[in-house]
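Asks: My questions concern the predicted model and sequence given below.
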Amino acid sequence: MSEMNKIGYGRAISALLIVLVGFLVGADYLILSYQRSLLTTEAIQHARNEMRLFGTLSREALLKRDYITVRLFLNQFAAEQSEIRVLKAVTPQHFILAEYRDSRPTTIPLSVRHEVLVDDQPLLVLEMVKDFGYIEKTLRTLMSRLIIISVLLATALGLSLWYLLKSIAIKPLEKEVDVRCQAEETARQSEARFRQLSEATFEGVGVVQDGKVLDVNQQMADILGYQVSELISLPVQDIVAPQSRQLVMANIQAGYEGLYEYFLMHRDGSLVPCEARARMMKWQGKDARVTIVRDLTERKQAEYQLQENEERLRTINNNLAFGMIYQSITLGDGTRRFTYLSDNVQRFYGITPSQGLADANLIYSRMHEDDCCLLLQKEEEALRNLTTFKSEVRVLDPQGSIRWSYLVSAPRKLDNGSICWDGIEFDITERKETEILLNRKNKMESMGTLAAGIAHDFNNVLHIINANLEIARREPMTSTLSQTLAVLTECEQRGAGLVQQILRFSRQSSEEKGTVVLEQLIRETVQLLKADRLFDKVTLDQQFEAEPVPLLADEQEMRQLVSNLLLNACQSLEEQGGHITVTLSVEDHVQAVSVYDGQLKPGRYQRLTVADNGCGIDDAIMARLFEPFFTTREKSGGTGLGLAIVHGIVRANGGGITVESTLGLGTTFHLYFPLLEESLKKTARAVAAVSSSFDEPVPVPMTRPLLCSSEITILFVDDEPLNIDNWSALLALEGFAVQGFTSGAEALEVFKKEPTTYSILLTDLRMPGMSGSELAEAIRQIRPELPILFSSGWIGQEMERTLNDLGNSAVLSKPHAVKTLVFTILDLCSHGVG
């Protein structure tokens, strides 16, 4: 009988036993299920019979209404039945006539209900709960007996099958095992002899004769992934990789005894790189070849990993366009030298890697002195705990420009006590420049907001002064009083002009844009400034494009911009005089251009350049050049608003500024203004003719009749009490009825009570609590047609758009004239009359 037949026979017998056991288990389960159902049915029927019997016996007592006898009989009946846990007698009216309860635990509760009838009418309802736990006990006993029977049957059949298997299959196998054991004993004896020679080495050892393996040691078997016994008698070609078979067989035939490399075939099919040396010897009277094999897998992997690391490092170096990798060593005496520098060191420091490896000072000498000291200090701190440190340094690049570098380095201690630093360095110049521009932009925006707030408060003060001056003018005049009022009026106007300059810087003042040709405007401004004695020693050179290019801007602002730039250039020339050049050109920017506080988008721009050969500007002043109220000419009366206003105008027109300056050589300002698109140039004149709806109104001929002031009642709201007092008095002198409030919420409550009393709402915009715009919206919900006049020392652009949507409203900027206020009130209140 073959081995496969024996195995199949054994499997068939095992399967038969499994089927038999499954059959016995299924039969036991069916028997138990049937017995459980039968016992349960019998128990329920028995309980119902008992309840019928109880009903029959208690019917006579119930008819006589002898309930005590019923209770006694129920308790006695329940006590005699050990399985009863609850027995209740309930009337049809749900009155419990008698009840018995047993406190013993219930294993399997079963409820039964029975009605006692008299003439087909329910006389009593009996409810019983019995414990059928005895059924489970009976079933467990039955199950034990079934298990014993099944085990006996399975054992008998198993023994019969075992005897049959032993007679047919096991005895022949035992004989075969004996033969194999003898062969294995012979092999073990041969192996023992060979092991004495081969186990002492860590290399693989094999004996080959006639192209087959005679013997190998355990190391050789481990290299190939076989057991030693599996390799015996195998052809050599079966364990040599196909690409190495020709080489190995040639060396065996030639009796080559030198060192050579080839590939063995592992049991899993993988290649095993090996190094071998062989020698011929006698084995049992025949020539044999003893080969010593060394596994080169780990060495090859290390070599491959080294190549991969080198290639990876080379790839990183090549792709790291804005960074470099370095490695340096700090010796015990504090000397530093670089052991590795990537090629980008030439881009950073203008030296080759070989130069940096030869002299580390070539790198440190190009760092800013302060940054280099800080870098060395951070190295010392990181060295204490061997932690990574980060640092930013300024580097003088080969072109002479200052560039920013960000480096990260980690120290590690070598076996010889030296410290090795592994680091990477990035060029962050663009990021630093962007940060500087962003800081400048945020700073200028913050200053603009602050300046606008100051201007708002200052305008309120001027508004009060203006009201008091107007009241004083209405009093009887003397020559002295008239002169005094004239001086005060001039001071008030100068203050208002200063506030307008501040608002221009912050871009909170109203503007009237139109088509402006810079060439013509510059010629006119230069002609006017030449009359100033400051320009006596100054030569002005003007260079313009052949064809004038129009811009959409406020002409008055552009005149002030050119004037401020020329005056600033002239003052930088000081008393010795010099040369100023004004240039206009058109440029196409394909990419974004960096300016003082941001970047210009790609597009066409007109560039205005004002250059002088004056004293120049140092870095400290350059950083604050466009700050409001910053001046270097306090003694000569400089306000510090000239260049701040220039910056505000350029920014408001979507442009940008760049400044180039060298101490002792001069300064050049480049101003960029976006050009009108061709489709917009045709409409530029129409746009210029439209003034802002928030400019101060000027009396014009009206096509509708104006109301009389005596017909108008004003609801006046301002958080400044002096404004309420003074302007209420002025309006009263003009014939208006005025009711003033310093709180928007208070004014709204009064308006709700008498909404038809008031002809117009005159309110300040910026007030604590309820603002003027919020008050206007609330009042419009009550009276949508009520005219509204806003008055404020500062009206932002967002607020302008919001107020413009209200309709039948106007805005006056503080301070304003009484006549302007009166006319605007009459105009708004007369709207719709005619």
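Replies: Sure, I can see it. Residues are numbered from 1 along each chain as shown.
Asks: quick one, strands of the stretch 451-600 of the chain?
Replies: 513-517, 538-543, 550-554, 578-589, 593-595, 598-600 (DSSP state E, counting those that start in this stretch).
Asks: what residues does the second one touch?
Replies: When contacts are defined by CB atoms under 8 Å, 6 or more residues apart in numbering, strand 538-543 is touched by residues 522-523, 526, 530, 566, 570, 573, 577-584. Where you see a C-beta, it was placed from the backbone N, CA and C, and this is true even at glycine.
Asks: From those, which one has the minimum pLDDT?
Replies: On pLDDT alone, Lys530 ranks lowest of the contacts of strand 538-543, at 71.
Asks: how deep is it tucked in, by neighbour count?
Replies: Burial measure for Lys530: 13 neighbouring residues, criterion other CB atoms under 10 Å.
Asks: list the contacts for it?
Replies: Leu540.
Asks: Widest-spaced pair of the contacts of strand 538-543?
Replies: The span of the contacts of strand 538-543, defined through CB to CB, is set by Gly577 and Leu584 at 23.9 Å.
Asks: following the top helix by length along the chain, which helix or strand shows up next?
Replies: In terms of residue count, the longest helix belonging to the chain (DSSP state H) is helix 3-63. Sequence-wise, the next helix or strand downstream of helix 3-63 (DSSP states H and E) is helix 67-80.
Asks: Contacts for the helix or strand that that following helix is followed by, please.
Replies: Scanning forward in sequence from helix 67-80 by DSSP H and E, the next helix or strand is strand 84-90. Strand 84-90 is contacted by residues 58, 70-71, 74, 77-78, 96-102, 104, 106, 109, 124-131 when judged by CB under 8 Å, 6+ apart.
Asks: what about the stretch 1-150 of the chain, any weak spots by pLDDT?
Replies: Residue ranges of the stretch 1-150 of the chain with pLDDT under 70: 1-10, 12-13.
Asks: Run the angle between the longest helix of the chain and helix 67-80 for me.
Replies: 160 degrees (axes from the mean of the first three to the mean of the last three CA atoms, to 10 degrees).
Asks: and the angle from helix 3-63 to strand 84-90?
Replies: 40 degrees.
Asks: Run through the neighbouring helices and strands of the strand or helix carrying Ser391.
Replies: Using DSSP H and E, Ser391 sits in strand 389-396. In terms of contacts (3 or more CB pairs under 8 Å, 6 or more residues apart in numbering; DSSP states H and E), strand 389-396 is packed against helix 369-385, strand 402-413.
Asks: Show me which positions of the first one end up buried.
Replies: Yep, that's helix 369-385 we're talking about. Asp371, Cys372, Leu375, Glu379, Ala382 (16 or more other CB atoms under 10 Å).
Asks: Between those, which sits nearest Glu42?
Replies: Using CB to CB, Ala382 comes nearest to Glu42 of the buried residues of helix 369-385, at 91.4 Å.
Asks: Rebuild the helices and strands packed on strand 389-396 as CSV, extending it with distance to Ile18 and mean pLDDT.
Replies: Listed next are those as CSV, based on distance: least, CB to CB, whole Å; pLDDT from 0 to 100:
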stretch, distance to Ile18, mean pLDDT
helix 369-385, 69, 86
strand 402-413, 65, 88
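Asks: As a markdown table, the ones you listed with distance to Asn613 would be great.
Replies: A markdown table is the format used below for the helices and strands packed on strand 389-396 (distance: least, CB to CB, whole Å):
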| stretch | distance to Asn613 |
| --- | --- |
| helix 369-385 | 32 |
| strand 402-413 | 25 |
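Asks: Now tell me which of the strands of the stretch 451-600 of the chain the model trusts least on average.
Replies: With a mean of 71, strand 593-595 has the lowest mean pLDDT of the strands of the stretch 451-600 of the chain.
Asks: Span of stretch 760-778 from start to end?
Replies: Across its full length, stretch 760-778 reaches 14 Å end to end, with CA to CA, to the nearest Å as the criterion.
Asks: how far out from the middle of the chain is it?
Replies: 41 Å (CA atoms, centre = their mean, to the nearest Å).
Asks: Which residue ranges of the stretch 151-300 of the chain form strands?
Replies: 204-209, 212-216, 260-265, 271-283, 286-295.
Asks: Let's have the ones you listed in JSON lines, adding mean neighbour count.
Replies: JSON lines is the format used below for the strands of the stretch 151-300 of the chain (neighbours: other CB atoms under 10 Å):
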{"stretch": "strand 204-209", "mean neighbour count": "21"}
{"stretch": "strand 212-216", "mean neighbour count": "22"}
{"stretch": "strand 260-265", "mean neighbour count": "18"}
{"stretch": "strand 271-283", "mean neighbour count": "16"}
{"stretch": "strand 286-295", "mean neighbour count": "18"}
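Asks: per-residue confidence for Gly637?
Replies: Gly637 is assigned a pLDDT of 50 by the prediction.
Asks: Just give me the neighbour total for the residue nearest to Gln218 when sequence neighbours are not counted.
Replies: Among residues not flanking Gln218 along the chain, Val228 sits closest, at 6.2 Å (CB to CB, 6 or more residues apart in numbering). Counted with other CB under 10 Å, residues neighbouring Val228 total 18.
Asks: what's the pLDDT at Val228?
Replies: Reported pLDDT for Val228: 86.
Asks: follow-up on the earlier one: pick the most deeply packed of the strands of the stretch 451-600 of the chain.
Replies: Among those, ranked by average contacts under mean count of other CB atoms under 10 Å, first place goes to strand 550-554 (a mean of 21).
Asks: partner strands of it, parallel or antiparallel?
Replies: Strand pairing for strand 550-554, using DSSP bridges, gives strand 513-517 (antiparallel).
Asks: Are we agreed that Met767 is in a strand?
Replies: No - counting by DSSP: H, G, I helix; E, B strand; the rest coil, Met767 is not found in a strand; it is coil.
Asks: what residues are up against it?
Replies: Val717, Asp718, Asp719, Ser743, Gly744.
Asks: try Gln35
Replies: By CB under 8 Å, 6+ apart, the contact set of Gln35 is Thr138, Leu139, Leu142.
Asks: Phi, psi for the second one please.
Replies: Main-chain torsions, Leu139, degrees, to the nearest 10: phi -70, psi -40.
Asks: on that earlier part again, which of the contacts of Gln35 are buried?
Replies: Listed as buried from the contacts of Gln35 are Leu139, Leu142; burial here means 16+ other CB under 10 Å.
Asks: Nearest to Glu555, out of the contacts of Gln35: which one, please.
Replies: Leu139 (111.7 Å).
Asks: Now do the SS call for Gly423.
Replies: Going by three-state DSSP: Gly423 is strand.
Asks: Give me the nearest residue to the most centrally placed residue in the chain, chain neighbours excluded.
Replies: Note on the chain: the residue nearest the mean C-alpha position is Arg431, at 19.7 Å, using CA atoms, centre = their mean. Of all residues not flanking Arg431 in the chain, Trp404 sits nearest, at 7.6 Å (CB to CB, 6+ apart).
Asks: Touching, that neighbour and Asp397? I think so.
Replies: No - using CB atoms under 8 Å, Trp404 is not in contact with Asp397, being 10.5 Å away.
Asks: Pull the contacting residues for the residue nearest to Arg431.
Replies: Per CB under 8 Å, 6+ apart, neighbours of Trp404: Glu392, Val393, Arg394, Val395, Asp427, Ile428, Thr429, Arg431, Lys432.
Asks: any idea of the pLDDT on Gly332?
Replies: For Gly332, the pLDDT comes out at 71.
Asks: Could you list the domains of this protein?
Replies: 1-194, 199-300, 320-427, 439-502, 512-689, 709-829 (automatic domain parsing).
Asks: Worst mean pLDDT across the helices and strands of this structure, which element?
Replies: The weakest-scoring helix or strand in the chain, judged by mean pLDDT, DSSP states H and E, is helix 684-689 (a mean of 38).
Asks: Partner strands of whichever helix or strand comes after that one and their direction?
Replies: Where DSSP H and E defines the elements, the next helix or strand beyond helix 684-689 is strand 713-717. Strand 713-717 has the following sheet partners, assigned by DSSP bridges: strand 737-741 (parallel), strand 760-764 (parallel).
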